[in-house]
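1. I need the structure of the sequence given here:
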Amino acid sequence: MKFSHLFGPVPSRRLGVSLGIDLIPFKTCSLDCVYCECGKTTVLTKERKEYVQTTEVLEELKKYLDTKPELDYITFSGSGEPTLHSKIGKIVYFIKNNYPTYKLALLTNGTLFTDKSLIEDVKDVELIIPSLDNASDEVFHKINRPYKNLSIGKIINSLTELRQINNGQFWLEVFIIPGLNDTAEEIQLLKKAIEKIKPDKIQLNTLDRPGTENWVKPASRERLIQISNILGNKSEIIKTFKSRKKVKSYKEETKDKIIDILKRRPCTEKDLAQILGLHINEITKYIQVLLESNEIKTKEETRGTFYYLTQSSQS
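-> Residues are numbered from 1 along each chain as shown. Below you'll find the model as predicted:
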């Protein structure tokens, strides 16, 4: 079955077998993060509206979920900020009332929960994973490059309120960029914000593939461990999670197709998604596996990041 708004299931390290719901056009977001692997935000906005037709999403969900697939999560994600969609609450309600055996997850940049109606919309989502990379407005603007008038203080307050109301698990993801949010002062500010929010987990991440800006560098494992120790025993490092190859929805044939295409010519992720008819988030998961196994390498060109086969993968 071919869908416009659903993708996967994808092999997710954190979420296992995850069916994605993409509610937002490509790179429509309230932030323009320097590390985003999907590239620069093309529509920077905090306007919540019905970006894609809700009726279409519900029809696709019914068609797919009526087949009773085995899923660990149905996940609101994609290549834009899902909470920008003004009817996300209606979609949550539809799934919870018609397919209650499935758990929901929301991957979000966490910027829009100052809207009280949005908190109400997602309060029954079983797992919410907002990003929080810093706790000072100065670093917020350097790393996340927000839409005008977004304030990190107000965002932290709204995440605290959401955490108090949400009935499920609440994990914070923190992306570490050396020289920006890994200083002693910034980590202490972040720790205070985390203590206020009280998440169930804090997940540390850093660059492991090209981001939007080529000056962004990864934090060392030693520094991530130091930061994790400062933030406390709820903190963990994302890169230590199990390989995607061990997730049930991982398909060796998809990886092989990507390799076959790259044998003919280098491609961007967007190229591969168009050629294979897959969502770019699915391509991203397999690209990560290929990078980890050193089967491919990257090169920055005018049109973006291109992926090449390494010599060992050419045969």
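2. and E37, how far from P100?
-> 34 Å (Cβ to Cβ, to the nearest Å). Using the backbone N, CA and C atoms, a C-beta is placed for each residue, glycine as well.
3. likewise G232?
-> For G232, the distance to P100 - Cβ to Cβ - is 34 Å.
4. please say which of these two ends up with more neighbours.
-> G232 (11 against 8; other Cβ atoms under 10 Å).
5. buried stuff in the strand or helix carrying Y286?
-> Here Y286, judged by DSSP states H and E, is contained in helix 280-292. By neighbour count with 16 or more other Cβ atoms under 10 Å, helix 280-292 contains the buried residues 280-290.
6. redo those as CSV? Include pLDDT.
-> Converted to CSV, the buried residues of helix 280-292 look like this (pLDDT from 0 to 100):
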residue, pLDDT
I280, 79
N281, 77
E282, 78
I283, 81
T284, 78
K285, 79
Y286, 82
I287, 83
Q288, 78
V289, 80
L290, 83
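7. out of the residues you listed, flag the one nearest to I156.
-> N281 (27.4 Å; Cβ to Cβ).
8. let me see the ranges of the strands in the stretch 1-150 of the chain.
-> 6-12, 16-22, 28-29, 43-44, 73-77, 104-108, 127-130 (DSSP state E, counting those that start in this stretch).
9. out of these, deepest packed?
-> Neighbour counts (mean count of other Cβ atoms under 10 Å) averaged over each of these peak at strand 73-77, with a mean of 26.
10. if we can go back for a sec, can you tell me which of the buried residues of helix 280-292 is closest to T75?
-> Closest to T75, out of all of these and judged by Cβ to Cβ, is N281, at 9.4 Å.
11. now for the closest one: which residues touch it?
-> By Cβ atoms under 8 Å, 6 or more residues apart in numbering, the contact list for N281 reads 7-8, 10, 20, 22, 77-79.
12. K257 sits in which helix or strand?
-> helix 252-264.
13. can you tell me what sits against the helix or strand following that helix?
-> Using DSSP H and E, the helix or strand that follows helix 252-264 in sequence is helix 269-276. Identification of contacts with helix 269-276 by Cβ under 8 Å, 6+ apart yields 254, 257-258, 261, 267, 278-280, 282-284, 287, 304-305, 307.
14. where along the stretch 151-300 of the chain do the helices fall?
-> 152-165, 184-197, 221-231, 252-264, 269-276, 280-292 (DSSP state H, counting those that start in this stretch).
15. repeat that for the stretch 1-150 of the chain.
-> Under DSSP H, counting those that start in this stretch, the stretch 1-150 of the chain gives helices at 54-65, 88-98, 116-122, 137-143.
16. returning to what we had before: got the angle between the helix holding K257 and strand 6-12?
-> Calculated by axes from the mean of the first three to the mean of the last three Cα atoms, to 10 degrees, helix 252-264 forms an angle of 100 degrees with strand 6-12.
17. which elements pack onto helix 252-264?
-> Where contact means 3 or more Cβ pairs under 8 Å, 6 or more residues apart in numbering; DSSP states H and E, helix 252-264 is packed against helix 269-276, helix 280-292, strand 304-309.
18. try 6 Å
-> Other helices and strands packing on helix 252-264, by 3 or more Cβ pairs under 6 Å, 6 or more residues apart in numbering; DSSP states H and E, are helix 280-292.
19. now the buried residues of helix 280-292 as CSV including distance to T183?
-> Shown next, in CSV, are the buried residues of helix 280-292 (distance: Cβ to Cβ, whole Å):
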residue, distance to T183
I280, 33
N281, 32
E282, 36
I283, 35
T284, 30
K285, 32
Y286, 35
I287, 31
Q288, 28
V289, 33
L290, 34
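20. taking the helices of the stretch 151-300 of the chain together, which one is wrapped up most tightly?
-> helix 280-292 comes out most buried of those by mean count of other Cβ under 10 Å, with a mean of 20.
21. could you dump that helix to CSV, C-alpha only?
-> What follows is helix 280-292, C-alpha atoms only, in CSV (Å, rounded to 0.1, in the frame of the first residue of the first chain):
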residue,chain,number,x,y,z
ILE,A,280,13.1,10.5,3.9
ASN,A,281,12.9,9.4,7.5
GLU,A,282,13.1,5.8,6.4
ILE,A,283,16.1,6.5,4.2
THR,A,284,17.8,8.3,7.2
LYS,A,285,17.6,5.1,9.3
TYR,A,286,19.4,3.0,6.7
ILE,A,287,21.9,5.7,5.9
GLN,A,288,22.9,5.6,9.6
VAL,A,289,23.4,1.8,9.5
LEU,A,290,25.6,2.2,6.4
LEU,A,291,27.7,5.0,7.9
GLU,A,292,28.2,3.0,11.1
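22. perfect, I'm done here.
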